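Undergrad: structure, please.
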Amino acid sequence: MSKHVLIVDDSVSVRQMVEATLKSAGYTVTAAKDGLEAFNLCKTKTYDFVLTDQNMPNMDGLTLIKSLRGLPAHARTPIVVLTTEASDTMKAQGRAAGATGWMVKPFDPSKLLEIAKKVMG
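TA: This next block holds a predicted model:
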C-alpha cells in the first residue's frame, strides 16, 4: 500500500506540479486548496505526510500546522512547509508551530522526493 500525502496550496499550478512529482514516485496524493479544506479533510482521514504552503486564504500554513498538531491522529504526522517565505523568522515560527521541515519555492522535484522519503521512512 502506498503512502498517502496531503498537499495544500492555493495555487493550482503548484498543486499540479507537486502532485505529478509525488505520483511519479508511487505516492497516493490528495490536494486541498487552503488550510481550512486540509484541516477538514484531516478530521476524518489520516495522512502519512502533509506538505503545505504558508500564504493561503481562509487558513494559512502555520495555523494549519497548529490545528493539525491538536488532532491526535496528526500529532506526529510529518508536516513540511513549501513556500516562497525564506526568512529565518518564518522558519522559526514554523518550527514553533510544529513543522517538521521547510522548503522554499520554486522546488526541485528530486529534493521534494528525497524529503518525502526521509520523513515517511
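Undergrad: do you know how far Ala73 is from Ile65?
TA: Look at Ala73 and Ile65: by Cβ to Cβ, to the nearest Å, they are 14 Å apart. For glycine as for every other residue, the C-beta is placed from the backbone atoms N, C-alpha and C.
Undergrad: oops, could you answer that again for Glu85 instead?
TA: According to Cβ to Cβ, Glu85 and Ile65 sit 13 Å apart.
Undergrad: who has more neighbours, those two?
TA: More neighbours sit around Ile65 than around the other of Glu85 and Ile65, counting by other Cβ atoms under 10 Å; the figures are 27 against 19.
Undergrad: phi first, then psi, for the residue nearest the centre of the chain.
TA: The residue lying closest to the centre of the chain (Cα atoms, centre = their mean) is Leu51, at 1.3 Å. Main-chain dihedrals, Leu51, degrees, to the nearest 10: phi -120, psi 110.
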